[in-house]
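**Student:** model this:
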Amino acid sequence: MRIGSEQLSRHLQKQLAPLYTVFGDELLLAIEAADLIRASARQAGYSQREVFTVDHHFNWAEVRQSSSNLSLFGERRIIEIRIPSGKPGMQGGGAIEAYCRLLPPDTITLVTLPKIDKQGSAAKWFQALEKASVMIPVFPVERSRLPAWIGQRLEMQEQSAAPETLQFLADKVEGNLLAAHQELKKLALLYPTGILSFDQVKDAVLDVARYDVFKLSNAMMAADTVRYTRILEGLQGEGTALPFVVATLAGQIRSLITIRKGRDSGKPLMQLMNQARVWGDQQRVVESAINRISAEQLVQALLHTAKIDRISKGVAQGDAWDELLQLGLRFLAGKRHSVH
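**Tutor:** The predicted structure is shown next:
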């Protein structure tokens, strides 16, 4: 059975199926669907959770062993099987088919996959999932439907806006639902419930504050350490949410890695810029950064943001703001390196 992600909440209120498959290339909707399934399962008493992430070295015997192990105390559990590549291989395909034929008792299984192409959807293992599970495909929201989607999301946080304001938001996020989600959460934090004016939305989305994280990102790429330090201190002083700062910088670094590696492999720079949605004056800043910093240095910088993220969440020790300063200095080091 297939249901749309927008129908999932209603389905879960009525029943919990033993097997769910979430697949598709819209990350936000995939995350939300999986979170909703987990939350409903926990509410129904499925307290234990096991997660298997499938890669080239994965041993499918672990899944078989886990599914055949029954709890001595009758505890209900969630088993997650994540296949980021969408290709479980011959052994994995057979294991999935066998799993679907004999689902473990007192267990809700959640399989997550990326977008599956025509060949993949015809594979026996995917057909077995199709037959045994509730399938939730998550596809990008069409551009023409995006303003209405944003309006529905605003309603969920008890806010609303005029059609032209919704269109403005849709144009700014360029079909990126994760970006839209972040902007809507920002609006919920900045303004009370009720009708939002165009000026309120414009000011929030364009972020006209003196110190903002997007200016910080530009200063980092330009290796302007003085400006980077000043903006960073301003963000800290204003109590800006650390996860927002880290996520923005990490996203920028990922874009730089994609563009740098693409150029190194011979792809046209302007094509890579357009694919990464880099336009106008921003192109000059990005080109300067990728000329100055190697792909290896950029990967190290991205790993550094992951460390800062762990610190900000309290799962690693350190001063997250000081680490953000050190991250900016990495880009200055790239500048010095290019001079010699």
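**Student:** residue ranges with poor pLDDT in the stretch 201-340 of the chain?
**Tutor:** Within the stretch 201-340 of the chain, the stretches with pLDDT under 70 are 206-212, 333-340.
**Student:** Would you map the helices across it?
**Tutor:** 213-221, 225-237, 242-264, 269-275, 281-292, 295-312, 320-339 (DSSP state H, counting those that start in this stretch).
**Student:** Summarise which helices and strands the fourth one is packed against.
**Tutor:** Helices and strands in packing contact with helix 269-275 are listed as helix 242-264, helix 281-292; criterion 3 or more C-beta pairs under 8 Å, 6 or more residues apart in numbering; DSSP states H and E. Using the backbone N, CA and C atoms, a C-beta is placed for each residue, glycine as well.
**Student:** List the buried residues for that helix?
**Tutor:** Residues of helix 269-275 classed as buried by neighbour count (16 or more other C-beta atoms under 10 Å): Leu272, Met273.
**Student:** Could you chop this structure up by domain?
**Tutor:** Domain ranges of the chain: 5-138, 143-206, 213-339, per automatic domain parsing.
**Student:** which phi and psi does Lys87 have?
**Tutor:** phi -130, psi 100 (degrees, to the nearest 10).
**Student:** Not counting its neighbours along the chain, what's nearest it?
**Tutor:** Once flanking residues are discounted, Lys87 sits nearest to Gly120: 7.3 Å by C-beta to C-beta, 6 or more residues apart in numbering.
**Student:** so what pLDDT did the one you found get?
**Tutor:** You'll see Gly120 listed with a pLDDT of 92.
**Student:** Please apply the same query to Pro105.
**Tutor:** For Pro105, the pLDDT comes out at 89.
**Student:** where's the residue nearest to Lys87 relative to Trp149, distance?
**Tutor:** Using C-beta to C-beta, to the nearest Å, Gly120 is found at 27 Å from Trp149.
**Student:** One more: Glu296?
**Tutor:** In terms of C-beta to C-beta, Glu296 sits 39 Å off from Trp149.
**Student:** And these two? Which one has more around it.
**Tutor:** Each of Glu296 and Trp149 has its neighbours counted (other C-beta atoms under 10 Å); Trp149 has more, 16 against 10.
**Student:** so which strand or helix has that one?
**Tutor:** Using DSSP states H and E, Trp149 sits within helix 146-156.
**Student:** same check, this time on Pro137
**Tutor:** strand 134-138.
**Student:** do the same with Ser47
**Tutor:** Secondary structure from DSSP H and E places Ser47 in strand 46-53.
**Student:** give the contact list for Arg64.
**Tutor:** By C-beta atoms under 8 Å, 6 or more residues apart in numbering, the contact set of Arg64 is Ala95, Ala98, Tyr99.
**Student:** May I have the residues that are in contact with the last one?
**Tutor:** Yep, that's Tyr99 we're talking about. By C-beta under 8 Å, 6+ apart, the neighbours of Tyr99 are Val63, Arg64, Ser67, Thr109.
**Student:** still on that earlier bit, could you identify which of the helices and strands packed on helix 269-275 is most buried?
**Tutor:** Among those, the stretch with the highest mean neighbour count (mean count of other C-beta atoms under 10 Å) is helix 242-264, at a mean of 19.
**Student:** Going along the chain, name the helices of the stretch 51-200 of the chain.
**Tutor:** According to DSSP H, counting those that start in this stretch, the helices that the stretch 51-200 of the chain contains are 61-68, 89-101, 118-121, 124-132, 146-156, 163-173, 177-190, 198-206.
**Student:** For Ala316, find the nearest of those.
**Tutor:** Nearest to Ala316 among these is helix 177-190; the distance by C-beta to C-beta comes to 23.6 Å.
**Student:** so that closest one versus helix 163-173, what angle?
**Tutor:** 130 degrees (axes from the mean of the first three to the mean of the last three C-alpha atoms, to 10 degrees).
**Student:** Go through helix 177-190 and flag the buried ones.
**Tutor:** Leu177, Ala179, Ala180, His181, Gln182, Glu183, Leu184, Lys186, Leu187, Ala188.
**Student:** what does stretch 85-94 give?
**Tutor:** Within stretch 85-94, the residues that count as buried by 16+ other C-beta under 10 Å are Gly86, Lys87, Pro88, Gly92, Gly93.
**Student:** Averaged pLDDT, that stretch. What do you get?
**Tutor:** Mean predicted confidence for stretch 85-94 is 93.
**Student:** Could you do stretch 25-45 as well?
**Tutor:** Here the average pLDDT along stretch 25-45 is 93.
**Student:** For it, which outside residues touch it?
**Tutor:** With C-beta under 8 Å, 6+ apart, stretch 25-45 has contacts from 5, 8-9, 12, 16, 20, 22-24, 49, 76, 78, 80, 108, 110, 112, 114-115, 136, 138-141, 177-178, 181.
**Student:** Can you show me the CA trace of that stretch as CSV?
**Tutor:** Taking Å, rounded to 0.1, in the frame of the first residue of the first chain, the C-alpha atoms of stretch 25-45 are listed here in CSV:
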residue,chain,number,x,y,z
ASP,A,25,14.8,12.5,-2.9
GLU,A,26,13.1,15.1,-0.7
LEU,A,27,15.2,15.1,2.5
LEU,A,28,12.9,17.2,4.7
LEU,A,29,9.8,15.1,4.0
ALA,A,30,11.7,11.9,4.4
ILE,A,31,13.1,13.0,7.8
GLU,A,32,9.6,14.1,9.0
ALA,A,33,7.9,10.9,7.8
ALA,A,34,10.5,8.8,9.7
ASP,A,35,10.2,10.9,12.8
LEU,A,36,6.4,10.6,12.8
ILE,A,37,6.6,6.8,12.5
ARG,A,38,9.1,6.6,15.4
ALA,A,39,7.1,8.9,17.6
SER,A,40,3.9,6.9,17.0
ALA,A,41,5.7,3.7,17.7
ARG,A,42,7.1,5.0,21.0
GLN,A,43,3.7,6.3,22.0
ALA,A,44,2.3,2.8,21.3
GLY,A,45,4.9,1.2,23.6
